[in-house]
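Asks: Quick one, structure for this:
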Amino acid sequence: MQVVLLAIVTFIFAIDQFSLTELLYRPIIACPIIGAILGDVKTGLVVGGTYELMMVGNMPVGGAQPPNAVLGGVVAMIFAVKSQLPVDQALGLAVVFSLFGQYAVTLTFTFMSGMMARADKAAAEANPKGITQVNLISMCFLGTLFAILAVAAYVGGEAAGNALNAFSESASWFMGGLGVAGGMMRYVGFAVLLKIMLADDMWGIYLAGFAAAALLGNVDATSGATLLLCAFIGVAIAIYDYTMNVKIKSITTSGGDDDGI
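Replies: Numbering: from 1, shown residues only. Below you'll find the model as predicted:
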């Protein structure tokens, strides 16, 4: 039953990358769902939140595909739950397998490039059913590839559980390094996102948020809700910034002595 459900949700997540909601496939949502299937929602929440930070800055640009979030999340959950690996080590291994998802997407794009003539012909004939059929073929092809890879990872991960645990004991230096690499990846993903989004005038807010997280996270009364409290602070800053900009805009457009200038 776990294999069947895992194949179904992976099929849906694969399609969701480019169609449907474009939200379900994100690790922070997908991993808890996979955790429910594998019987460990708590690990799903931990892996999903951590892996989301790793993947948050990875966006496809044109035909270039980053390491795939869907298959990486599936494999990370299998190693964390079935093989009983620590989260950081499971994520370090998952990055390697996420490349297979990258190849699956590239293979789908390559296959569908030959189908575009069929879609063009349907468009020229004003045949929406023909275009819909091409889209359905692409979704089925991509979803099936991902489902097969997920099932293979499930079977292989479960079979490799004892071997991985024995290897972690005999080669603790290697698994320790893998855990450190997995721990670093979340900051790499966030750094990629900041490189794109962070403006010069936002550095003060960024550093204030970092300080607030460090302070709130080290107080027993607030450590359990650190992220929520930081989010409230961020919302308050955003609302204040928006209202101040609206006031400034109204002053500059109206002008006059009544503005107190």
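Asks: Can you find the helix or strand of the protein with the lowest average pLDDT?
Replies: Every helix and strand of the chain was ranked by mean pLDDT, DSSP states H and E. The lowest is helix 161-170, at a mean of 54.
Asks: buried sites along stretch 74-89?
Replies: Of the residues in stretch 74-89, 74-83, 85-89 count as buried by neighbour count, 16 or more other C-beta atoms under 10 Å. Where you see a C-beta, it was placed from the backbone N, CA and C, and this is true even at glycine.
Asks: out of the residues you listed, who's nearest residue 145?
Replies: Set against residue 145, the nearest of those by C-beta to C-beta is residue 74 (12.8 Å).
Asks: ok, and the closest non-adjacent residue to that closest one?
Replies: residue 150 (4.8 Å; C-beta to C-beta, 6 or more residues apart in numbering).
Asks: Just the mean pLDDT for the helix or strand that contains that neighbour, thanks.
Replies: Here residue 150 is covered by helix 128-159, with elements defined by DSSP states H and E. What helix 128-159 shows for mean pLDDT is 81.
Asks: same thing with stretch 80-91?
Replies: Regarding stretch 80-91, the rounded mean pLDDT is 76.
Asks: Between the two ends of that stretch, how far is it?
Replies: End-to-end distance for stretch 80-91, by C-alpha to C-alpha, to the nearest Å: 8 Å.
Asks: chain center to it: distance?
Replies: Mean C-alpha position of stretch 80-91 versus that of the full chain (C-alpha atoms, centre = their mean, to the nearest Å) differs by 18 Å.
Asks: do the same with stretch 23-41
Replies: Using C-alpha atoms, centre = their mean, the offset of stretch 23-41 from its chain centre is 11 Å.
Asks: Repeat that for stretch 86-99.
Replies: So, by C-alpha atoms, centre = their mean, the centroid of stretch 86-99 is 13 Å from its chain's centroid.
Asks: Enumerate the positions of the one helix or strand residue 99 maps to that are buried.
Replies: Taking DSSP H and E as the criterion, the element that holds residue 99 is helix 87-113. Using 16+ other C-beta under 10 Å as the test for burial, helix 87-113 gives 87-95, 97-98, 100-102, 104-105, 108, 112.
Asks: now do stretch 232-246
Replies: residue 233.
Asks: what about residue 203, neighbour count?
Replies: Around residue 203 there are 10 other residues, counting by other C-beta atoms under 10 Å.
Asks: now swap in residue 118 and tell me
Replies: For residue 118, the neighbour count with other C-beta under 10 Å is 15.
Asks: For it, which non-adjacent residue is spatially closest?
Replies: Leaving aside its sequence neighbours, residue 118 sits nearest to residue 134 (C-beta to C-beta, 6+ apart; 5.7 Å).
Asks: Please name the residues that touch that neighbour.
Replies: Residue 134 is in contact with 112, 115-116, 118-119, 122, counting by C-beta atoms under 8 Å, 6 or more residues apart in numbering.
Asks: Reformat these as TSV; add secondary structure, distance to residue 21 and pLDDT.
Replies: Listed next are these as TSV, based on DSSP: H, G, I helix; E, B strand; the rest coil; distance: C-beta to C-beta, whole Å; pLDDT from 0 to 100:
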residue	secondary structure	distance to residue 21	pLDDT
112	helix	21	79
115	coil	24	80
116	helix	25	81
118	helix	27	82
119	helix	23	82
122	helix	26	83
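Asks: which one among these gets closest to residue 231?
Replies: Of all these, residue 112 has the smallest distance to residue 231: 39.4 Å, by C-beta to C-beta.
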